[in-house]
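K.L.:
Whatever this is, show me its structure:
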Amino acid sequence: MKNLPQNEQRDLREIFADLESIDTLQGEINCKVSAISVFDHWLSPDEASVLLQRVATEEQVDRDEKHFCLVKNMVERWDCLTYRQRGRGHKSYYVFKRFYDRAEVLKYALPMKSRRSSLHHFKLVLPEIRGIYIQGFDDTNFLYHHGGEGITELLGMAAECGLHELEVNT
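P.N.:
As a prediction, this is how the structure comes out:
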């Protein structure tokens, strides 16, 4: 991955002004949030204990393939970037990075083998549709966006891959 030129960094920081709040899940998020899940509803605690614990390998592969199907479609359709936080405390800032090629994006966004740490969750920035797609836990990922035709198209792709949009109360 390589850093984008400064003028593109500046433009993306304006478009994604909520990035710090989105990335840290702290502060006010002034955009829409859609959960993209293999499940068609939010799980109750009882459902979660059955459906998320000790998932059979075949079932987990099926769930991962659905999410990866969407990632492959996004990579094929739009330019995908990522970001990293640099600095500490009040001096921290975000740097947007471009992948060298589509194969690198797909490798970066491969489904995680272990869901214990957020250190390796992928974060894809989709500047053309003004969206950020972040890998979550429990077979549910999150799309931060401001609506529009591109987002509608992405949600349609998700449905074609067997995924569901769940309402998120922010």
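
K.L.:
From now on I want contacts and neighbour counts done on CA atoms only, so please keep to that.
P.N.:
OK.

K.L.:
What lies in contact with the lowest-mean-pLDDT helix or strand in the chain?
P.N.:
Ranked by mean pLDDT, DSSP states H and E, the weakest helix or strand in the chain is helix 19-24, scoring a mean of 88. The contact list for helix 19-24 (C-alpha atoms under 8 Å, 6 or more residues apart in numbering) reads 13, 26-29, 94, 144.

K.L.:
hmm, try it at 6 Å
P.N.:
Contact with helix 19-24 is made by 27, 29, as judged by C-alpha atoms under 6 Å, 6 or more residues apart in numbering.

K.L.:
Now that helix: buried residues?
P.N.:
Within helix 19-24, the residues scored as buried using 16 or more other C-alpha atoms under 10 Å are 19-20, 22.

K.L.:
what about Gln9, which helix or strand?
P.N.:
Applying DSSP states H and E as the criterion places Gln9 in helix 6-15.

K.L.:
For that helix, which residues meet the burial criterion?
P.N.:
Quick answer for helix 6-15 (16+ other C-alpha under 10 Å): 9, 12-13.

K.L.:
Now the element after the least confident helix or strand of the chain, going C-ward?
P.N.:
According to DSSP H and E, the helix or strand after helix 19-24 is strand 32-37.

K.L.:
tell me the average confidence for that next one?
P.N.:
Average pLDDT, strand 32-37: 94.
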